[in-house]
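>>> turn this into a structure:
(2 chains)
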There are 2 protein chains.
Amino acid sequence: MIKKIDHLGIAVLDPKRALATYRDALGLRLEQIEEVPSQKLVSYHLEIGESTIELLHPTDEDSVIAKYLAKNGPGIHHVALQVDDIEAERDRLVESGLQALSEEPFIGANGKKVLFFHPRTTGGVLLEICQVVEAESPGENGAPTRGNGA
Amino acid sequence: MIKKIDHLGIAVLDPKRALATYRDALGLRLEQIEEVPSQKLVSYHLEIGESTIELLHPTDEDSVIAKYLAKNGPGIHHVALQVDDIEAERDRLVESGLQALSEEPFIGANGKKVLFFHPRTTGGVLLEICQVVEAESPGENGAPTRGNGA
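Residues are numbered from 1 along each chain as shown, chains lettered A, B, ... in the order given. Purely as a prediction, here's the structure:
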């Protein structure tokens, strides 16, 4: 079941300027700055109602976000929907013709289980589904916050 | 004050296929089909948590959505944030350097007061702010539902 919009991922060239817009001008609360070394990006999480806006800035030119920015310029990179059972949801969506970008969910930002679907099969939107998982052994598997990103 | 993500507007070429994805596969409830003659589009409102996903399909090649689709293909057209006082928010955002696309808010989908900001000044996102207004005299000014769209 889809619970809510978890977050919007916005690729930004200039985090300072983006924060001036989304935090200072719009007044959204910056709740976390997360480095995601596996994806070579820093993510600024801004709270908005039950969702977040995540400003994504690459830390390396090899980052998928750097490539997105080079091709498209800044803008909405993906939309993430929170689900209660990601494997069940994946099966249902794949069955319906959506093309998953990996067979299995993997651990993404904030330690959530995530899976992406190709925009070609979702009306032009890079769609993520994500599931919040309970930490079974703290510190073991979650994505690090302010970790050792480049 | 920003209250929440009101909706995501997604420009779609093929509403049947988009509904197969967002309503049937993702299981979102289709809560309304709204014709917006002033913008020459039909909008399919799908409920997701406290927000909606609006699938926007042009009813005329002259529609802003038709032009967007011709240039960009299907995908996220705009992000709408719900505010409690649209004029105050506009003043604050314009003061902060965001470029409004009209001086005054106007009545948009669902009778809400809406105002758009240029993507150049918002990190590449066509940003809408909108305010729910109480109907003072029902039927007078709200955008019609299943109205006389082309």
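
>>> from residue A:122, how far off is the residue located most distally from the centre of chain A?
Here chain A reaches farthest from its C-alpha mean at residue A:95, the gap being 23.6 Å by CA atoms, centre = their mean. Per CB to CB, to the nearest Å, residue A:95 is found 15 Å from residue A:122. C-beta: built from backbone N, CA, C; applies to glycine.

>>> now stretch A:86-98, how far from the centre of its chain.
Offset of stretch A:86-98 from its chain centre (CA atoms, centre = their mean, to the nearest Å): 19 Å.

>>> likewise for stretch A:6-17?
Here stretch A:6-17 is found 10 Å from its chain centre; the criterion is CA atoms, centre = their mean.

>>> kindly report the same for stretch A:96-108.
Distance, centroid of stretch A:96-108 to centroid of chain: 14 Å (CA atoms, centre = their mean).

>>> so that stretch, near chain B or not?
Yes. For stretch A:96-108 and chain B, the contact criterion (CB under 8 Å from any CB of the partner chain) is met by A:96, A:97, A:98.

>>> and the next helix or strand past the lowest-mean-pLDDT helix or strand in chain A?
One helix or strand of chain A scores below all others by mean pLDDT, DSSP states H and E: strand A:106-107, with a mean of 92. Heading C-terminal from strand A:106-107, the first helix or strand you meet, by DSSP states H and E, is strand A:113-117.

>>> show me what the helix or strand residue A:87 falls within is packed up against.
Using DSSP H and E, residue A:87 sits in helix A:86-95. Helices and strands touching helix A:86-95, as assessed by 3 or more CB pairs under 8 Å, 6 or more residues apart in numbering or on different chains; DSSP states H and E, comprise strand A:113-117, strand A:127-131.

>>> which parts of it are buried?
Neighbour counts using 16 or more other CB atoms under 10 Å in any protein chain shown place A:86, A:89, A:90, A:92, A:93, A:94 of helix A:86-95 among the buried residues.

>>> what comes into contact with it?
Helix A:86-95 has contacts (CB atoms under 8 Å, 6 or more residues apart in numbering or on different chains) with A:1-2, A:83, A:100, A:105, A:113-115, A:117, A:129-131, B:25-27.

>>> what do you get if the cut-off is 6 Å, keeping everything else the same?
With CB atoms under 6 Å, 6 or more residues apart in numbering or on different chains as the contact definition, helix A:86-95 has outside contacts at A:83, A:100, A:105, A:113, A:115, A:129, A:131, B:25.

>>> likewise stretch A:45-54?
Residues outside stretch A:45-54 that contact it (CB under 6 Å, 6+ apart) are A:4-5, A:7-9, A:22, A:28-32, A:43, B:4-5, B:49-50.

>>> for the record, mean pLDDT for it?
Per-residue pLDDT over stretch A:45-54 has a mean of 98.

>>> hey, where'd the helices end up in chain A?
Taking DSSP state H to define them, one finds helices in chain A at A:15-19, A:64-72, A:86-95.
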